[in-house]
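Q: need a 3D model of the sequence below.
(2 chains)
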Amino acid sequence: MKVLENAADEQVLIEAAQRDPSQFAELYESNFDRVYAFIARRVPSRQDAEDLTSEVFHEALRNLVRFEWRGVPFAAWLLGIAGNQLADRWRRAGKHQEVPANDWDETGSDAKIEENLILFQLVNELPPDQRLVVCRRFVDQKSLREIAQELRRSEGAIKQLQFRALQGLRTRMRNRHV
Amino acid sequence: MSDMSPMDQLNEGIDLLLLDGGELATSDPEVTAMLAVAAELCTVPRADFKAELKSELLAKTTSSVITAGSASILRTAINERNTNERRSSETIPTLAGSGCGLYPVQRSSFMASLGAHALMVALLVTSGIWAAPSFHESPRVHSVLVTDLTFVLPPAPDSLRGGGGGGDSDALQASNGNPPRFAREQIAPPAIVVRSEQPKLPAEPTVVGPPALSFPQTKQIGDPLSHTSGPPSNGPGTDGGVGTGNRGGVGPGTGPGVGDGWGGGIGGGPYVVGRGVTAPQLIYDPEPEYSEEARKEKYQGVVLLQVIVGEDGRPRDIRIARSLGLGLDEKALEAVRRWRFEPGRLQGRAVAVVVNVQVNFRLY
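A: Numbers count the residues shown, from 1 in each chain, chains lettered A, B, ... in the order given. So this is what the prediction gives:
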């Protein structure tokens, strides 16, 4: 995940995107994973997470010219939009659930989101065959048999790749925390 | 369950997780920890979704496409600004880079500027090369009128212009012929009719004058100005020699020389400067040109001309006393022929005077 080095860098990007919306791409790349992780943890399905993430970024693009830089990270503004979107969805669904205000701090980060971001990064660092198995198994939610057929390997081999991938991710996550 | 390997336990737990979000009850803490990671993996976004949403957003923007290049331009702008902050002393934020801050560089302008500067540097360098040959190849010709003719024609020792004469009181005029050779000292005077056939001390007859001078040497000694070819006679002069003069010379003069005048040397010729004879003064002296051949060869040196300046101030009888070649002799002769003089004078009367002209050909 791309992380801007400092607030001044982000301010330059925001001002550029406000002058020329086509420059929004950099802001999108910098904040997509964080927004998605925030939403995915609060909705039951991947489809809901994708719909809400899409709405958040469309809303952000529409209102970008009204954004005023006050030293708060752009991610916090995006997560604020995401919180409003979640509340609207729950309201329409008849649920009276509010997104807790302290669910994330004003910098747009909380511990769980940060864990997710680290995990996304670690997945990208896996060996190619292990990464492919993880993506097919957890993102596309395919069975071992389907993956084995697609990759033309035995189910045992896929199971072993899956085990090694999770073992490696677990170890690295633990090392990160230490 | 405990009979299952950790790998099988993990796979079964994942199946439950993906099916309905259920959790597998296992006593293996490592498998439990891996299942917790697996639950988090369900939140990994689809790579396709991320790319599709990006395209969708970009399509909405006023510009057609956000390319990776535009993102990199922004990144470059950020890096550029950070560099400028770190190095505030650097006054040139960009040359061949993407630009300064958010202001991109126009590469065409940069290239035009670069080309113009390169051209100026090239002109500065080559201008020095052009100037050098014009300085070194500039021909300069300097002419000097030399009146000291010692090394060309020494004057007669005791006379402004020499001369001599002789004879042995013969009734007949001296017969025609050439004087003997010149020598610094005379031991025996010339004689056409030898009176003593067996002298006690035989010696070659000579006349006094510059040894470098010579008349065409023939067997017949005589007076070159005599119109009488015979019979042989030493002439009516006295004291030896040939002619109507006296004291051992040839001709009508007095002394061991030849011709009019006295004291030796050649009489009747031009004067030399000194002893009352003034030097001719230049009135008009156009400088000789440098010959093209000598200029190309960068040839330089001195041409020495011997010139008789006549009573009318015009040069005549010009001869080359020291040659240089490569056309420079001809150029010197051509120029000196056009010179004009105020003639040399003796007691107020214009006389012919022999002078030397030294022409210096130099390339600076």
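Q: let me see the domain layout of chain A.
A: In terms of domains, chain A is parsed into A:1-109, A:125-178 (source: automatic domain parsing).
Q: least reliable of the ones you listed going by mean pLDDT?
A: Note on the domains of chain A: domain A:1-109 shows the lowest mean pLDDT, a mean of 79.
Q: among the domains of chain A, which comes closest to residue B:330?
A: domain A:1-109 (83.2 Å; C-beta to C-beta). C-betas here are computed from N, CA, C, even on glycine.
Q: please name the residues that touch residue B:186.
A: By C-beta atoms under 8 Å, 6 or more residues apart in numbering or on different chains, residue B:186 lies in contact with B:206, B:207, B:208, B:248, B:256.
Q: go through the residues you listed and flag which are in strands.
A: B:207, B:208, B:256 (DSSP state E).
Q: so residue B:319 touches residue B:308, yeah?
A: No: under the criterion of C-beta atoms under 8 Å, residue B:319 is not in contact with residue B:308, lying 9.3 Å apart.
Q: the two: which is more packed in?
A: residue B:308 (18 against 11; other C-beta atoms under 10 Å in any protein chain shown).
Q: can you tell me the SS state at the most centrally placed residue in chain A?
A: With distances taken as C-alpha atoms, centre = their mean, residue A:33 lies nearest the centre of chain A, 2.7 Å away. Following DSSP: H, G, I helix; E, B strand; the rest coil, the label given to residue A:33 is helix.
Q: residue contacts, it?
A: Counting by C-beta under 8 Å, 6+ apart, residue A:33 has contacts A:1, A:116, A:117, A:120, B:45.
Q: tell me the one of those nearest residue B:29?
A: residue A:116 (22.4 Å).
Q: just give the closest residue to the residue lying farthest from the centre of chain A, not the sequence neighbours.
A: Distance from the C-alpha centroid of chain A peaks at residue A:154, with 32.1 Å (C-alpha atoms, centre = their mean). Of all residues beyond its chain neighbours, the one nearest residue A:154 is residue A:148 (6.1 Å), with distances taken as C-beta to C-beta, 6 or more residues apart in numbering or on different chains.
Q: where do the helices sit along chain A?
A: Along chain A, counting by DSSP state H, helices occupy A:7-19, A:24-40, A:46-62, A:74-92, A:111-124, A:128-134, A:144-151, A:155-177.
Q: give the rounded mean pLDDT of the longest helix anywhere in chain B.
A: When chain B is scanned for its longest helix (criterion: DSSP H), the result is helix B:107-136. In this model, helix B:107-136 has a mean pLDDT of 78.
Q: next: stretch B:17-33.
A: The model assigns stretch B:17-33 a mean pLDDT of 77.
Q: ends of it, how far apart?
A: Stretch B:17-33 stretches 14 Å from its first residue to its last (C-alpha to C-alpha, to the nearest Å).
Q: that one close to chain A?
A: Yes: for stretch B:17-33, a contact with chain A is found by C-beta under 8 Å from any C-beta of the partner chain, at B:18, B:30, B:33.
Q: may I see the ChimeraX selection of the buried members of these?
A: Only the buried entries of those go into this ChimeraX selection, using 16 or more other C-beta atoms under 10 Å in any protein chain shown:
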select /B:18,33
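Q: taking the residues of stretch B:17-33 next to chain A one by one, which sit in helices?
A: Counted as lying in helices by DSSP H, out of the residues of stretch B:17-33 next to chain A, are B:18, B:30, B:33.
Q: any idea how far the last one lies from residue A:135?
A: Using C-beta to C-beta, to the nearest Å, we find residue B:33 at a distance of 21 Å from residue A:135.
Q: contact partners for residue B:303?
A: Taking C-beta under 8 Å, 6+ apart, one finds B:320, B:322, B:323, B:324, B:328, B:329, B:332, B:358, B:359, B:361 in contact with residue B:303.
Q: which of the residues you listed are buried?
A: The buried subset of the contacts of residue B:303 - by 16+ other C-beta under 10 Å - is B:322, B:324, B:328, B:329, B:332, B:358, B:359, B:361.
Q: pick the one among these closest to chain A.
A: Of all these, residue B:361 has the smallest distance to chain A: 76.0 Å, by C-beta to the nearest C-beta.
Q: on the three-state scheme, the closest one is what?
A: strand.
Q: do I have it right that it meets residue B:301?
A: Yes: proximity of residue B:361 to residue B:301 meets the contact threshold set by C-beta under 8 Å, at 6.0 Å.
Q: now do the shared contacts for the two.
A: Common neighbours of residue B:361 and residue B:301 (C-beta under 8 Å, 6+ apart) are B:324, B:328.
Q: against residue A:49, how distant is residue B:289?
A: 101 Å.
Q: can you give me the strands in chain B?
A: B:99-100, B:103-104, B:139-146, B:164-165, B:182-183, B:207-208, B:255-256, B:281-284, B:301-309, B:315-322, B:340-342, B:345-346, B:349-350, B:353-363.
Q: deepest in the core, which of those strands is it.
A: strand B:164-165 (a mean of 36; mean count of other C-beta atoms under 10 Å in any protein chain shown).
Q: average pLDDT across it?
A: When pLDDT is averaged along strand B:164-165, the result is 73.
Q: what packs against it?
A: The contact analysis (3 or more C-beta pairs under 8 Å, 6 or more residues apart in numbering or on different chains; DSSP states H and E) places strand B:164-165 against strand B:255-256.
Q: mind listing the strands the strand it packs on pairs with, and their directions?
A: strand B:164-165 (antiparallel) (DSSP bridges).
Q: what's the neighbour count on the residue in chain A positioned nearest to chain B?
A: Per C-beta to the nearest C-beta, residue A:22 is where chain A lies closest to chain B, at 3.3 Å. Other residues within reach of residue A:22, judged by other C-beta under 10 Å, total 19.
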